[in-house]
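Chemist: Give me a 3D structure for the following:
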Amino acid sequence: MLDREKLTSHLHREEDQILGGHILDKVEIVIKRKSNESTNFLNPYEREIATGIIKQIYDVNFLVDGGYEGAERKRITIFPEYLFPDHVKSPVCILKIEGNFKFQPVSHRDFLGAIMALGIKREMIGDLLVSDDFAQVVVADELKDFILLKLNKVHQVPVEICEITPDELVLPPENTKEIKTTVASMRLDAVASAGFGDSRSKIARDIKNEKVKLNWKVAVNPAQKVEVDDLISIKGRGRIKVCQKEGLSHRGRIKLILKKFV
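Modeler: Now for the predicted structure:
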């Protein structure tokens, strides 16, 4: 019997406790049925919570797969510790969606909306990579056949779908903008203000309204310290990455290079 309270005692946010409970539910099924169980797609912060719990349980092992090496959203497959990892089936597949989008440009939101309109929840969809005339989407393997059968239009444009291998995946060029700026301190509100072009008071309100995430975790403190390589996102506004600190300006402000994903 798992000591659920001990395994999740370090989790304080309600959302984290719920996730921890789901992971333990999966682990108990694996132990009882000697079968494999996969999670939904998780972001890096959620995966850190999940793997931290699983590593404490010697009866099971796990694999993480998002379809390709640099995927942001990935699933975790939990399996009995006596199995060879190479024998564990991947829980994801990659679908390529093609159509004549020359006269009807479509966005990431259009592709995602078309898939979710089939009744598929967001947590069963991984990364979605959009190019000029096609998109590639990582989805839960158990939904592959349903999507292949049911998805025939994206924003009124007829589409054709096929499964591709990770080797056939085409990574689109990263669409980013470099921002050179200065900040008075490495507080979250100061760095986010510089990156998104908002006042610190506006950022503070967004934090209060739980719209801001630091490294995929909802931020609650405007004064929280930000480090190089941290990722800040604001709901509906995109995200920025802190790439480099370049010393101090002549006025004593911290010089930063940020990368804004556009």
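
Chemist: Give the burial count for Gly52, as a bare number.
Modeler: 15 (other Cβ atoms under 10 Å). All C-beta spots, glycine's among them, are computed from the backbone N, C-alpha and C.

Chemist: and what of Glu72?
Modeler: Neighbours around Glu72, by other Cβ under 10 Å: 14.

Chemist: Look up how far Arg47 lies from the closest residue to it other than its chain neighbours.
Modeler: Closest residue in space to Glu72, ignoring its immediate chain neighbours: Asp127 at 5.8 Å, by Cβ to Cβ, 6 or more residues apart in numbering. In this view, Asp127 and Arg47 are 14 Å apart by Cβ to Cβ, to the nearest Å.

Chemist: ok, back up a step: specify the local secondary structure of the residue nearest to Glu72.
Modeler: Using DSSP: H, G, I helix; E, B strand; the rest coil, the structure places Asp127 in strand.

Chemist: residues near it, how many?
Modeler: Neighbours of Asp127 using other Cβ under 10 Å come to 20.

Chemist: May I ask you to confirm that it is in contact with Arg73?
Modeler: Yes - using Cβ atoms under 8 Å, Asp127 is in contact with Arg73, at 5.5 Å.

Chemist: Would you mind splitting this protein into its domains for me?
Modeler: 4-87, 92-168, 176-261 (automatic domain parsing).

Chemist: Redo those as CSV? Include mean pLDDT.
Modeler: Listed next are those as CSV, based on pLDDT from 0 to 100:
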stretch, mean pLDDT
domain 4-87, 95
domain 92-168, 95
domain 176-261, 95
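
Chemist: So for stretch 108-124, what gets flagged as buried?
Modeler: Across stretch 108-124, burial judged by 16 or more other Cβ atoms under 10 Å covers 110-112, 114-115, 120, 124.

Chemist: Kindly provide the distance from Leu11 to Arg109.
Modeler: Distance from Leu11 to Arg109, by Cβ to Cβ: 32 Å.

Chemist: Pick out whichever of the buried residues of stretch 108-124 sits closest to Leu95.
Modeler: Using Cβ to Cβ, Ile115 comes nearest to Leu95 of the buried residues of stretch 108-124, at 9.1 Å.

Chemist: Would you list the phi and psi of the closest one?
Modeler: phi -70, psi -40 (degrees, to the nearest 10).

Chemist: Next: Pro80.
Modeler: The phi/psi pair for Pro80 (degrees, to the nearest 10) reads phi -60, psi 140.

Chemist: measure it to Ile57 for me?
Modeler: The spacing between Pro80 and Ile57, counted by Cβ to Cβ, is 11 Å.

Chemist: which one of these two has more residues nearby?
Modeler: Set side by side, Pro80 and Ile57 give different neighbour counts by other Cβ under 10 Å, the larger being at Ile57 (20 against 15).

Chemist: Remind me which helix or strand the more buried one belongs to.
Modeler: Using DSSP states H and E, Ile57 is not contained in any helix or strand.

Chemist: surely it meets Lys26?
Modeler: No - in this structure, Ile57 is not within contact of Lys26 by Cβ under 8 Å, at 10.7 Å.
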